[in-house]
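Q: What would the 3D arrangement of this be:
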Amino acid sequence: MHRAHTAFSLALSPKAHKNFATWLLKSTSSQQMAKATAAAAVRTYNSAAAEPFANGSTASYVEEMYNAWLRDPTSVHTSWDAYFRSNSYTSPPNLAPVQANTLPLTAFNFGGAVGGAAPDSKTIDDHLAVQAIIRSYQSRGHLASDLDPLGILTREKTVCKDGLARRANEDVLRQHSGFLFGEQDMERQFKLPSTTFIGGDEASLPLKEILNRLENVYCNKIGVEFMFINSLEQCNWIRKRFETPGVLNFSPEEKRLILARLTRATGFEAFLAKKYSSEKRFGLEGCEIMIPALKEIIDVSTELGVESVIMGMPHRGRLNTLANVCRKPLNQIFTQFAGLEAADDGSGDVKYHLGTYIERLNRVTNKNIRLAVVANPSHLEAVDPVVQGKTRAEQFYRGDQEGKKVMSILIHGDAAFCGQGVVYETMHLSDLPDYTTHGTIHVVANNQIGFTTDPRFSRSSPYCTDVARVVNAPIFHVNADDPEAVMHVCKVAAEWRATFHKDCVIDLVGYRRNGHNEIDEPMFTQPLMYQKIRKHKNCLDLYADKLIAEGTCTAEEVKSVAAKYENICEEAFALAKTETHVKYKDWLDSPWSGFFEGKDPLKVAPTGVKEETLIHIGNRFSSPPPNAAEFVIHKGLLRVLAARKAMVDEKIADWALGEAMAFGSLLKEGIHVRLSGQDVERGTFSHRHHVLHHQLVDKATYNSLQHMYPDQAPYSVSNSSLSEYAVLGFEHGYSMTNPNALVLWEAQFGDFSNTAQSIIDQFISSGQSKWVRQSGLVMLLPHGMEGMGPEHSSCRVERFLQMSSDDPDYFPPESDEFAIRQLHDINWIVANCTTPANYYHILRRQIALPFRKPLILCTPKSLLRHPEAKSPFSEMSEGSEFQRIIPDNGPAGQNPSNVKKVVFCTGRVYYDLTKTRTEKQLESDIAIVRVEQVSPFPFDLVKEQANLYKNAELVWAQEEHKNQGCWTYVQPRFLTALNHSRDVSYVGRACGASTATGSKAMHIRELNALLNDAIST
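A: Numbers count the residues shown, from 1 in each chain. The predicted model follows:
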């Protein structure tokens, strides 16, 4: 305000007359302009008559003073300053032409200024104050909006100086709250600034009308937060959608459609409450308008070109969404209440966690639409990044680079939206090039309570939606008891997403009529709130009363619509009673059409490829950009490329080259490969270097794996944000969409994966069992005790093994299909490879399998450059395959009867053991066998190796502590494999609370003790 007032004060100086007059020229009526132009013409040619006192030397002196004042007002006496500021002085005539389209300020009678005088200070202050008030409403009007249906948080109206009561209070108007004029000023006209649309086609309005329109737009049933957005275009777009007069006018047909949808949403909950009164269903009572809201978003989005909508939501309102938004057959929903046995495999899940996939006709737009609701656990908001990953994948496979055909909708609870950190992590993926879904519509079903906790105890921010401000997402708060306001907000949100492809938030402020679930008693903790709720009419009744009162429909029509839907529910209920089993596959959210048909479920395609393919990939991978001599590569990377080329010439591969062979050969076969995680382009340990950077040109890069074959599949390697929870969830969602893709997530260090534990536990390990949903996601977890301290050593492999679903006491029947049957029956695969060839094969096997299983891979650190950790091309070419166990091929393996000890191990400790064995010259006495695939456990091969060394002592050696690593998993399975006829001893570190010591000296001491115990006879 101060800066604006200063600017207008400066405008009073004659030097500024021309510019200020130009501005006035644009905002003055044609009649005023004609008078002003005539006055200016007279003044131009008769200026001498206007200054009879200024002649001779006096005039010269006055002009000198005037010019001095123009340069610096403080350089003249205060009396001259006052005289010149009063605008009484006009400079002498000169020969300079009058500038086109400009007028002196004195030509106007502005705001009641008398004669040719400039507007006085009060007039300027009044105009500035009106503009400031308009901006105050736009910025903070939401603070006084009538958003709470229960009226608990609704603020009292403020009586203004004109005697009218308005919602805008000091929180909204701040220093301008005391400005409001008296009644005598209410009819004064004020020019509207370009930053408001409340005038419609009118350029100015009476003050009273300005205030009333602002009240109606910003302090009524909708509260809009958008002024923090740093784009004038976007702010004006939102202003226009809410401020333009008449935007909330709905036709009778539109109102009847809203009523019909609201009737179905309310009727569904009432039907379930009647039929299953003692069942948990997490109903939507108090926020039923969410169902028509979702349908409105989908209708508008479909009209704007969207063909597929992927939704994620918590348990509240899920069944209603499946029934009335997705149009899931009601009998299938009711069958879930019957407690029937399942007709297919899996453990299943509770009904309010299940997902679905529906293709149907949108009757409003007459266009086909695909709707998917992603299954989710009770872990609130955990599904958010999964939905985003699935959406991004579908956009990718459709070639939808701008997100015009596929979109996501995320539904949140108020307490979870501000309480769960994964919301923030997911939000920060929204604008990242390799993770954006080009705009998500977030709908918050705001019950104003979290389980039993009041908002004042569950968040520190004013709103539960404030997290969205960090990504410049507009937030539309709306009273859930005003259906028409809700529909308008949903329409704007869908148009915003289609226009700007950015996130936005709809905050449906309602209430929860029952407790957390239907058998919970909310009066224990919120007695006053629930006393109000008991007396409060539901949204349907309120809206029906409104439409009946205004004559849009009759009471009989309202009853008829409700009765018709109840009959539909009764028919479906009767049909559900005839079902004898539930079918989990009916609830699949990501069907893979045609993937399983015509395949032998127990046959694995070969994973070896022709040697010339390996050589071609290796040569491309070790070469700089072709025909780009000016592409300056870092000297260190030139050495890396040269070393790779030398290995290709020798037909051997290290870890990075073996990985590139796997990726490249899959890409050649048309398999999309996506590698994601923190720093994966280079690799945490600077070994991968899939993306070469021009050393002199910013953002100039080259990825050789994207340019191997002209018809290859796309390869994506993406450095992620510094998030494990959201990014792992995102990649899991990505992997659900298409089985013919290799999707990998790499942790910076394996230890860090535990910040994504919810995704691992609730989705990856158990997703197929609960939701009949397969995933071939690969988790690369750098693992190894190498003296790097507690947080850079262990990927906690014991946790993954503990969640493996194979029975430690069951030895499956031995057959040629033993290995594939194990893979088919288990929930995921856990492996710790020791050679690049085995790493290559296990990656390719993910695609070669006739089904999909997650793969947990402990990956190496020091082995990336270990001279012995290399594989010849012959171990990756045709005829080769993944080795679940790598036997000892040295002197011990060639003469097993003389072996005194067999050391079973997994991972990098193998190289420490062989080095120690060589140093002690015990190659003939001790055999070292590597267990590459730990889970499912290779019972058959362990049995075979034990039988080979009948006279030897059997030990399991590991570098992890005894209560960690693989020991607790493999011990009972060794006994089962050996039929409890022989014991297996443990060699390794003792039990420990921490994964590793932080002392280098202690680490070396512990390692030496391990090696001496293992390599001794």
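
Q: tell me the mean pLDDT over the host helix or strand of Val62?
A: Element membership for Val62 (DSSP states H and E) is helix 56-71. Average pLDDT, helix 56-71: 73.

Q: Please compute how far it lies from its chain's middle.
A: With C-alpha atoms, centre = their mean, to the nearest Å as the basis, helix 56-71 stands 68 Å off its chain's centre.

Q: elements contacting the helix or strand following that helix?
A: As assigned by DSSP H and E, the chain's next helix or strand after helix 56-71 is helix 78-85. Packed against helix 78-85 by the contact rule (3 or more C-beta pairs under 8 Å, 6 or more residues apart in numbering; DSSP states H and E) you find helix 56-71. For every residue, glycine as well, the C-beta is placed using N, CA and C.

Q: any idea of the angle the helix holding Val62 forms with helix 78-85?
A: Here the directions of helix 56-71 and helix 78-85 differ by 80 degrees (axes from the mean of the first three to the mean of the last three C-alpha atoms, to 10 degrees).

Q: Touching, Asn538 and Glu288? I think so.
A: Yes: between Asn538 and Glu288 there is a contact at 7.1 Å, judged by C-beta atoms under 8 Å.

Q: Spit out the residues that contact these two alike.
A: Residues within reach of Asn538 and of Glu288 at once, by C-beta atoms under 8 Å, 6 or more residues apart in numbering, are Thr266.

Q: Settle it for me: which of these two has more neighbours?
A: The neighbour comparison of Asn538 against Glu288 (other C-beta atoms under 10 Å) goes to Glu288, with 30 against 18.

Q: any idea what the closest residue to that one other than its chain neighbours is structurally, helix, strand or coil?
A: Closest residue to Glu288 apart from its sequence neighbours, by C-beta to C-beta, 6 or more residues apart in numbering: Ala265 at 4.3 Å. Secondary structure assignment for Ala265 (DSSP: H, G, I helix; E, B strand; the rest coil): helix.

Q: give me the element the spatially most central residue of the chain is part of.
A: Centroid-nearest residue in the chain, with C-alpha atoms, centre = their mean: Thr426, separated by 3.3 Å. Under the criterion of DSSP H and E, Thr426 resides in helix 421-427.

Q: what's that helix packed up against?
A: helix 383-398, helix 725-737.

Q: highest average neighbour count across the ones you listed?
A: The highest average neighbour count among the helices and strands packed on helix 421-427, using mean count of other C-beta atoms under 10 Å, belongs to helix 725-737 at a mean of 28.

Q: Work out the gap between it and the centre of the chain.
A: For helix 725-737, the distance to the chain centre is 11 Å (C-alpha atoms, centre = their mean).

Q: Number of residues surrounding the closest residue to Thr244 other than its chain neighbours?
A: Once flanking residues are discounted, Thr244 sits nearest to Phe197: 4.9 Å by C-beta to C-beta, 6+ apart. Neighbours of Phe197 under the rule other C-beta under 10 Å: 18.

Q: contact partners of stretch 211-218?
A: Defining contact as C-beta under 8 Å, 6+ apart, one finds that stretch 211-218 is touched by 133-134, 137-138, 141-142, 145, 160, 164, 166-168, 180, 198, 205, 224, 242-243, 245.

Q: Can you flag which of these belong to helices?
A: Those of the contacts of stretch 211-218 mapping onto helices are 133-134, 137-138, 242-243, per DSSP state H.

Q: As a markdown table, the residues you listed with neighbour count, distance to Val717 and pLDDT would be great.
A: Shown next, in a markdown table, are those (neighbours: other C-beta atoms under 10 Å; distance: C-beta to C-beta, whole Å; pLDDT from 0 to 100):
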| residue | neighbour count | distance to Val717 | pLDDT |
| --- | --- | --- | --- |
| Ile133 | 22 | 53 | 90 |
| Ile134 | 24 | 50 | 92 |
| Tyr137 | 26 | 48 | 92 |
| Gln138 | 23 | 44 | 95 |
| Phe242 | 21 | 43 | 97 |
| Glu243 | 24 | 46 | 96 |
